[in-house]
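J.: Starting from these lines, generate the structure:
(2 chains)
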Amino acid sequence: MAAAPRPRLAALALAVGLVLADSSIVVLALPEIYRELDTSVAGVTWVLISFNLVMALAAVPAALLARRVGPGRTAAVGLAVFAGAGLACGLSDQLSTLIVARCVQALGGAAAVTAALELLPATVGSERRAAAIWAGAGATGAALGPAVGGVLTELVSWQSIFLIQVPVALAAAVPILAVAKHEAATGIIATEVRRTGRPHLLANLALAMVSAAIAAALFLLVLLLIEGWRLTPIGAAIVVTAMPLFAILGSRIGPLVPDARARAAAGAILVAGGLAGLALLPKAEVVLTLPPQALIGVGLSLVLSALTETALGGRSPQAIHGGWTISARHAGVVIGLLALTPIFTADIAEQRQQAIDAGTAVILDSRASPLLKIQLAERIEERLEGEKGRVPTIGPAFEPLPEDPAERESVLVLRDELQEQLDRGATHAFSPSFLLGALLALLALIPIGLARRVDL
Amino acid sequence: MSTDGARRGQILVIGSIVVALALVGIYLAAGGASYAPEKSQDPCQDRPWRDPQGLQAIAEQFSLSALDGAACQLGVTRETLARALATPEARERFSERYGIDDEKLAKAIRAGLLRAVDDAEEAGALSPFLAGPVRGVIEEIPLDRAIELITDARSLLGNVQGFLGPAGELLEEFLP
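T.: Numbering: from 1, shown residues only, chains lettered A, B, ... in the order given. Sure, this is the predicted structure:
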């Protein structure tokens, strides 16, 4: 074939990693986008949902297209579309244009990812190895996405997340262009078109459920850290990096257990346990998110690899079945976000109100002077109004602090008590959604369990 | 699959269940199920007065009772009402959000004041001899006066005499 295997392999892995990172790379930028584009939490989740929805719908047709017109051409055009749409995303100044550009980006991404799975066996010489590289590149991209997005958002801007993808996507397309030219010149496509078998329904169903749970874990944890506990995007990026780090540990455990069903079940149980842990955080402290993240990280590595392996195992052509796994995973993310967004936005509003009331009660019942109480009530009301429905940073409402030492001390106590109530409210607001995510992960055990008896 | 392979699979599944349950158990034991904001007390329920000493403390407790009574009438929490009365803008937002006009608010404040008199009497901070005339004065406060009073939270929370008008003067005269 036209391009040398090594650069082509690197380009294909980069393309897969880049596209699948895009499914999660904006998670840490969402609060920034939410503020800058003056939208709602429910509205901004569509920046994520739209991409995943189009990926879910387009993955299998894109795989079929790759087999009809040639995977080289499909991947090269897909990456070009992905890059162009990425540029449009970066230049968007309205939520609607950003969402449309994200949809186009997902179309290009679906073409690039599924065509890459068609090109990989010829590049590495084995379907099994190709599937492993493809899954590994995707998992690495998805794992690194949030951290990279968080760092770029804080150091540059949310737009830079998309703009930086343009040269990367184009660079990945260069070695693939040679394959595309070869296809055009010879009229030969990389693999022959064969009749495709039915997808592994149970494995793909379980993938969708687990992906919904994992999307919940990542999306909700980021929102809790940034919107609830007021961490910076970089701070939140560092915290959520724990999940992919533990996923690496999971990838070491996986090969020790040959039974894919056992790995899938264990992974789903760990993801459910981690999500339940996040639902039951006993305090608003970052360190307490680490044990649940450890379980989710190890669990997602075990369950995603086992289910993808099962969905692809012995099925041909791989690009089509790879398309089905992409479709199932992204459909799961969409279902998870659609199911959870209304729940947690309502919970945030309710808990915020309850926390503010609890804090106000502390002030009203305190022995501070009535004048001070009134001043504080006024300033808290101003802070609430200024934050437009978000959990406010309450510290500035207590400034300037009184000069009298005794009064100053009592004000500081009041401030801490009010902040404690806000932390409790912000943390508790996410509990039902985390629990629902845990339930989704547990429900995935049903198709995993059935897979032994009914292998579709 | 080999017996060893199946055994490893079983160990992995059982180990995962144990680890997941252990995490949930530890977080529950550390109070994870109850880590939530304190619930606001129902303003319609009695709230005992805390040992008021002197006119200022009585005035404060009186204001809090009045807030409870008014909030109970309006179906909101005492805290929400207190913040709503902090500034005229806050009151306007409150009116829009809950569909409560000034007249309804003034009536609720009047009802709250009457409850505050009851509470003060029960706490021994106001003698029955004085409570009767104070009630009479509150019932006679004109609507526009009540509205005028609630536009400035200082008169509600900070200066019970100002809030009560003639009743405040009575209090000043009769209380130690």
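
J.: What's the local residue count around A:L450?
T.: 15 (other CB atoms under 10 Å in any protein chain shown). No exception for glycine: its C-beta is placed from N, CA and C like everyone else's.

J.: give the contact list for it.
T.: A:L202 (CB atoms under 8 Å, 6 or more residues apart in numbering or on different chains).

J.: can you pull the buried residues of the helix or strand containing it?
T.: A:L450 belongs to helix A:445-453 when assigned by DSSP states H and E. For helix A:445-453, the neighbour count (16 or more other CB atoms under 10 Å in any protein chain shown) marks A:445, A:447-448, A:451 as buried.

J.: quick one: B:G31 and A:T427, what's the gap?
T.: Distance of B:G31 to A:T427, given as CB to CB, to the nearest Å: 12 Å.

J.: Can you classify A:V113 as helix, strand or coil?
T.: Assigned with DSSP: H, G, I helix; E, B strand; the rest coil, A:V113 falls in the helix class.

J.: quick one: the helices in the stretch 301-450 of chain A?
T.: Per DSSP state H, counting those that start in this stretch, the stretch 301-450 of chain A carries helices over the ranges A:318-365, A:370-387, A:405-443, A:445-453.

J.: now swap in the stretch 1-150 of chain A and tell me
T.: Under DSSP H, counting those that start in this stretch, the stretch 1-150 of chain A gives helices at A:5-22, A:30-36, A:41-69, A:71-91, A:95-124, A:127-155.

J.: contacting residues for residue 57?
T.: Using chain A. Counting by CB under 8 Å, 6+ apart, A:L57 has contacts A:S327.

J.: my bad, chain B
T.: Per CB under 8 Å, 6+ apart, neighbours of B:A57: none.

J.: coming back round to it: list the residues that are in contact with both of B:G31 and A:T427.
T.: Residues touching both B:G31 and A:T427 (CB under 8 Å, 6+ apart) are A:K283.

J.: So between those two, which is more surrounded?
T.: Neighbour comparison, B:G31 and A:T427: the larger count goes to A:T427, with 28 against 12 (by other CB under 10 Å).

J.: Do I have it right that that one meets A:G228?
T.: Yes: shown here, A:T427 and A:G228 form a contact pair, counting by CB atoms under 8 Å, at 6.4 Å.

J.: intersection of neighbour lists for these two?
T.: In contact with both A:T427 and A:G228: A:A284, using CB under 8 Å, 6+ apart.

J.: pretty sure B:T80 contacts A:D357?
T.: Yes: using CB under 8 Å, B:T80 is in contact with A:D357, at 6.4 Å.

J.: low-confidence ranges in the stretch 51-200 of chain A?
T.: Applying pLDDT under 70 to the stretch 51-200 of chain A flags residues A:184-197.

J.: Show me what residue of it gets nearest to chain B.
T.: A:R128 (17.5 Å; CB to the nearest CB).

J.: ok, so what distance separates that residue from A:Q318?
T.: In terms of CB to CB, A:R128 sits 10 Å off from A:Q318.

J.: Looking at the two, which one has more neighbours?
T.: A:Q318 (22 against 13).

J.: My read is that that one contacts A:E127, right?
T.: Yes: counting by CB under 8 Å, A:Q318 touches A:E127, with 5.7 Å between them.

J.: what do those two both touch?
T.: What both A:Q318 and A:E127 touch, as defined by CB under 8 Å, 6+ apart, is the set A:P121.

J.: restrict the buried residues of helix A:445-453 to contacts with chain B.
T.: Contacts with chain B are made by none of those, judged by CB under 8 Å from any CB of the partner chain.

J.: ok, and the helix or strand in chain B with the lowest average confidence?
T.: helix B:153 (a mean of 37; mean pLDDT, DSSP states H and E).

J.: So for whichever residue of chain B sits closest to chain A, what pLDDT did the model give?
T.: Distances between chain B and chain A by CB to the nearest CB are smallest at B:A20, namely 2.4 Å. In this model, B:A20 is scored at 97, pLDDT.

J.: Run a quick neighbour tally on it.
T.: 26.

J.: Look up the closest residue to it, ignoring the ones flanking it.
T.: A:G273 (2.4 Å; CB to CB, 6 or more residues apart in numbering or on different chains).

J.: Now do the same contact list for that neighbour.
T.: A:292, A:295, A:299, A:438, B:16, B:19-21, B:23-24.

J.: can you check A:A213 too?
T.: Here A:A213 is in contact with A:271-272, A:275, A:336, A:437-438, A:440-441, A:444 (criterion: CB under 8 Å, 6+ apart).

J.: likewise A:Q105?
T.: Taking CB under 8 Å, 6+ apart, one finds A:22, A:51, A:81-82, A:85-86, A:89 in contact with A:Q105.

J.: Same question for A:S366.
T.: Here A:S366 is in contact with A:373, A:410, A:414 (CB under 8 Å, 6+ apart).

J.: Against A:G359, how distant is it?
T.: A:S366 is 11 Å from A:G359, by CB to CB.

J.: In chain B, where is pLDDT below threshold?
T.: B:1-2, B:51-56, B:142-176.

J.: Give me the residue at the spatial middle of it.
T.: B:R78 (2.5 Å; CA atoms, centre = their mean).

J.: was I right about it contacting B:D68?
T.: Yes: counting by CB under 8 Å, B:R78 touches B:D68, with 5.1 Å between them.

J.: what touches both of the two?
T.: B:P43.

J.: Show me the contact partners of stretch A:346-362.
T.: By CB under 8 Å, 6+ apart, stretch A:346-362 touches A:41, A:227, A:377, A:380, A:384, A:389-391, A:394, A:414, A:417-419, A:421-422, A:424-426, A:428-433, B:36-41, B:77-80, B:82-83.

J.: what's the answer for stretch B:10-29, then?
T.: A:253, A:257, A:262-263, A:265-267, A:269-270, A:272-274, A:276-277, A:280-282, A:288, A:291-292, A:295, A:299, A:302.

J.: Sort out for me which of those are in helices.
T.: The helices, defined by DSSP state H, take in A:253, A:262-263, A:265-267, A:269-270, A:272-274, A:276-277, A:291-292, A:295, A:299, A:302 from the contacts of stretch B:10-29.

J.: pLDDT at the nearest residue to B:G5 once chain neighbours are set aside, what is it?
T.: Nearest residue to B:G5, sequence neighbours excluded (CB to CB, 6+ apart): A:P258, at 4.2 Å. Note for A:P258: predicted pLDDT of 85.

J.: do the same with the one 5 residues further on
T.: Turning to A:R263, the model gives it a pLDDT of 93.

J.: Relative to chain B, how far out is it?
T.: Distance, A:R263 to chain B, by CB to the nearest CB, to the nearest Å: 7 Å.

J.: Might you report the residue contacts of the residue nearest to that residue when sequence neighbours are not counted?
T.: Of all residues beyond its chain neighbours, the one nearest A:R263 is A:A306 (3.9 Å), with distances taken as CB to CB, 6+ apart. Contact partners of A:A306, counting by CB under 8 Å, 6+ apart, are A:254, A:260-261, A:263-264, A:267.

J.: how about 10 Å then?
T.: A:203, A:206-207, A:210, A:254, A:257, A:259-268, A:448 (CB atoms under 10 Å, 6 or more residues apart in numbering or on different chains).

J.: And it, how far from B:L12?
T.: Distance from A:A306 to B:L12, by CB to CB: 11 Å.

J.: can you redo the contacts of A:S366 as a markdown table with pLDDT, neighbour count and distance to chain B?
T.: Shown next, in a markdown table, are the contacts of A:S366 (pLDDT from 0 to 100; neighbours: other CB atoms under 10 Å in any protein chain shown; distance: CB to the nearest CB, whole Å):
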| residue | pLDDT | neighbour count | distance to chain B |
| --- | --- | --- | --- |
| A:K373 | 73 | 24 | 6 |
| A:S410 | 77 | 17 | 15 |
| A:L414 | 80 | 20 | 14 |
